[in-house]
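> Got a predicted structure plus its sequence, pasted below:
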Amino acid sequence: MLNKTTTFSIRDFNDWLGDLPHKDKVLIPGNHDAGFIYPEYRELITNARVLINEGIEVQGLKIWGSPITPNDWGTFGAATAQERARAFSRIPDDTDVLITHGPPLGILDQVFKPSVPQGCLQLLDAVRRARPRYHVFGHIHQGYGRMRIHGTEFINAALAGPSDALAKSPIVIDIVPALAHAPLQRQEA
């Protein structure tokens, strides 16, 4: 979202959010948005709901969001694997849409192919347990894309290219709220 978390940049971003035609907007801070640890910074966002390890219901959809990544040095409260596991254990099992800053381990998370996956093991465990319909994330710019695994559609929506400039098109998903709660066909792993 922001390269520097300043009150000016947050207000400018909030104005941009207000110009968007969408009725409801949800914001998950990232590793460049450390200022959002302070409530007074979060309160500057009035045109979206900021989620930090919490959930909300929007038009019948249960959404849960977290900015935590393994390499954020504990900015959003989880510096260790145990703290990440504890934070992600709070994701409800009836979550329709999970939005996190970073990816789960091994899913759209490779920086250079082939490479060592950059995602979070504790997040992967939580996704396997909660089985949301959608899991939207970014952080690993080279992992941009989407894939479906065991009933969950994973979407790496990172738009930045190698120089951090916008280089990709937004990924749009249409979710029909009435279908979000339909029984999910479970597949064994």
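Noted; the coordinates are in hand. None of the values given here were measured: they were computed from a predicted structure.
> what sits against Ile149?
For Ile149, the contact set (C-beta atoms under 8 Å, 6 or more residues apart in numbering) comprises Ile107. Where C-beta positions appear, they are placed from N, C-alpha and C, glycine not excepted.
> Apply 6 Å and report the result again.
With contacts defined as C-beta atoms under 6 Å, 6 or more residues apart in numbering, Ile149 has no neighbours.
> If it is in a bridge, with which residues?
Thr152 (DSSP bridges).
> So what pairs up with the most centrally placed residue in the chain in the strands?
A centroid search over the chain (C-alpha atoms, centre = their mean) returns Thr100, at 2.2 Å, as the residue closest to the centre. Thr100 forms beta bridges with Ser66, as assigned by DSSP bridges.
> I'd assumed Ser66 was in contact with it.
Yes. The criterion here is C-beta atoms under 6 Å, and Thr100 meets it with Ser66 at 4.9 Å.
> Can you verify Val136 is assigned to a strand?
Yes. Looking at Val136 with DSSP: H, G, I helix; E, B strand; the rest coil, it is inside a strand.
> State the distance from it to Ala158.
10 Å (C-beta to C-beta, to the nearest Å).
> likewise Tyr144?
5 Å.
> So between those two, which is more surrounded?
Applying other C-beta atoms under 10 Å to Tyr144 and Ala158 shows that Ala158 carries more neighbours, namely 23 against 19.
> got a list of what that one touches?
Gly138, His141, Tyr144.
> min pLDDT across the residues you listed, which one?
For the contacts of Ala158, the model is least confident at His141; its pLDDT is 77.
> So that residue sits against Ala160, correct?
Yes. Assessed by C-beta under 6 Å, His141 is found in contact with Ala160 at 4.7 Å.
> Identify each buried residue in the top helix by length along the chain, please.
Among all segments of the chain classified by DSSP state H, the helix with the greatest residue count is helix 7-19. Buried residues in helix 7-19, counted by 16 or more other C-beta atoms under 10 Å: Ser9, Ile10, Phe13, Leu17.
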